[in-house]
Each structure stands twice: as structure tokens, then as C-alpha cells.
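Visitor: Using only what follows, build the 3D model:
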Amino acid sequence: MSLNYFKNFYEGCVKPPTVIGQFHTLFFGSVRMFFLGVLGFAVYGNEALHFSCDPDKREINLFCYNQFRPITLQVFWALQLVIVLVPGAIFHLYAAGKSISQECILQKPIYTVIYILSVLLRISLEVIAFWLQIRLFGFQVKSLYLCDARSLKGRNNIITCMVPEHFEKTIFLVAMYTFTVITMVLCVAEIFEIIFRRLCSL
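Guide: Here you go, the predicted model:
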């Protein structure tokens, strides 16, 4: 019983019922994970250590860096990837528990509707994450950051800080925006594929 459950869950996650869904899983699981795990660490891994302000003192650097990065991009993107995976994981857990095959998902209207709803929820979460990323990080990382240090005793109101490797970070930021857009397009295309295959089967 348990072996069949895990087998159904594994096959459902690795092989979604649509061609575009399978490509989305490959793209999501390989490209985005690679960028986040490997390149993201290379670009952002030591950002806090190389973030320096004038005057260059540890307590000032830490204070201004926390102001500059309320949440690090690695943590934000990791949370985004995990949260976006939740709708699909819930559906596949449900499908595995009911022993629903891939063919049944596209043949039975109730399963098709539930699957489409999970894809729509995935799109909504991607849109929310996209909007939050714009609000938190913008589209460009500037070389200088003006830190509001009024809460530090005996300091000037504004302290100038240097942001390390700002150009690389800008490129990486745009790349992650691009991956989010591609993921949303794939999700929309998957819904159209489901509708098209349903119409062809009538």
C-alpha cells in the first residue's frame, strides 16, 4: 500500500499529465534550482562580508546592510520556490492517495478542474512573488547605497555604503525575473493544452 502510494506520488510529480507540465517541472527543477543553489550562492553568498560603509566599522556595516537587505535574495527565492511547489505537491498527494493515474486526470472532469485550479494557484503565487520582488529589490542594484543612520547615536543622518559586485547582481536579478515570467507563461500554456486535449477528446 505504502509502496504504491509513494510510486504514484513520484510518478505524478516527475511526470505531470501534460507535455508542457513535464517541461515546466524540468525547467523549474533544474534551471531555477541551479541558478539559486549554485550561481545565487556565488553572487550573493558573501555580500554581507564585502558590504562596506564610510566610516568602515563593523557595527555600522551590519546596521546599514540590514537596512539595505531586510531579507536576502537567496532566502526570498528559496521561499518562492518552496511556496510555488505547494499547490502541485498537494494535488499529487491527493492523486497518489486516490490512486489517480495521469490519464484519469485529463479524462475525468472533476480531476481536470482540480488540476487546473492547482495550476491557477501556482500562477497566482508566482505573480505575488514577482510583485514582492519588484517592491523589495527593484530591477537594478546600484553601486552606492545611502543608509539612514539617524537611529545610531553620534552618527550623521546619511552614510554612504558600497555595494559589492552590483553589476553581477543586476544581471542575476533580471535573470530571476525572466525565469519567473517563463514559469508563468508555461503554466498558462499548460492550461490551454489541457483545454485543447479535453476538446479533442469530445
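
Visitor: any idea where the strands of the chain begin and end?
Guide: 52-53, 144-148, 158-162 (DSSP state E).

Visitor: The second one vs strand 158-162, what angle?
Guide: The reference is to strand 144-148. Taking axes from the mean of the first three to the mean of the last three Cα atoms, to 10 degrees, one finds that strand 144-148 is oriented at 150 degrees with respect to strand 158-162.

Visitor: so where's the protein uncertain?
Guide: Scanning the chain for pLDDT under 70 picks out the ranges 1-16, 29, 153-156, 202.

Visitor: by contact count, what packs against the longest helix seen in it?
Guide: Using DSSP state H, we find that the single longest helix of the chain is helix 166-201. Applying 3 or more Cβ pairs under 8 Å, 6 or more residues apart in numbering; DSSP states H and E, we find helix 166-201 packed against helix 19-26, helix 40-44, helix 73-97, helix 102-107, helix 109-137. Backbone N, C-alpha and C define where each C-beta goes, glycine included.

Visitor: Take the strands of the chain and lay them out in JSON lines including distance to residue 124.
Guide: Compiled in JSON lines, those are given as follows (distance: least, Cβ to Cβ, whole Å):
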{"stretch": "strand 52-53", "distance to residue 124": "39"}
{"stretch": "strand 144-148", "distance to residue 124": "32"}
{"stretch": "strand 158-162", "distance to residue 124": "36"}
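
Visitor: from these, which stretch is densest packed?
Guide: strand 52-53 (a mean of 18; mean count of other Cβ atoms under 10 Å).

Visitor: Name every strand pairing with it and say which way it goes.
Guide: Applying DSSP bridges, strand 52-53 is found paired with strand 158-162 (antiparallel).

Visitor: hmm, who's touching the strand it pairs with?
Guide: By Cβ atoms under 8 Å, 6 or more residues apart in numbering, the surrounding residues in contact with strand 158-162 are 51-55, 60-61, 64-65, 68, 143-149.

Visitor: and with 7 Å instead?
Guide: 51-54, 60, 64, 68, 143-149 (Cβ atoms under 7 Å, 6 or more residues apart in numbering).

Visitor: cool, and stretch 56-72?
Guide: With Cβ under 7 Å, 6+ apart as the test, stretch 56-72 has contacts from 44, 48, 51-53, 136, 145, 147-149, 152, 159, 161.

Visitor: List just the one of the strands of the chain that sits closest to residue 82.
Guide: When those are ranked by distance to residue 82, counting by Cβ to Cβ, first place goes to strand 144-148 at 28.7 Å.

Visitor: quick one: that closest one to helix 166-201, angle?
Guide: 100 degrees.

Visitor: and residue 116, what does it touch?
Guide: 191, 194.

Visitor: Could you check how far it is from residue 161?
Guide: According to Cβ to Cβ, to the nearest Å, residue 116 stands 47 Å off from residue 161.

Visitor: Same question for residue 145.
Guide: From residue 145 over to residue 161 (counting by Cβ to Cβ), the distance is 5 Å.

Visitor: now swap in residue 191 and tell me
Guide: Residue 191 is 45 Å from residue 161, where distance means Cβ to Cβ.

Visitor: mind putting the contacts of strand 158-162 in JSON lines, distance to residue 101 included?
Guide: Shown next, in JSON lines, are the contacts of strand 158-162 (distance: Cβ to Cβ, whole Å):
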{"residue": "51", "distance to residue 101": "52"}
{"residue": "52", "distance to residue 101": "58"}
{"residue": "53", "distance to residue 101": "59"}
{"residue": "54", "distance to residue 101": "64"}
{"residue": "60", "distance to residue 101": "61"}
{"residue": "64", "distance to residue 101": "56"}
{"residue": "68", "distance to residue 101": "50"}
{"residue": "143", "distance to residue 101": "55"}
{"residue": "144", "distance to residue 101": "57"}
{"residue": "145", "distance to residue 101": "54"}
{"residue": "146", "distance to residue 101": "58"}
{"residue": "147", "distance to residue 101": "57"}
{"residue": "148", "distance to residue 101": "58"}
{"residue": "149", "distance to residue 101": "61"}
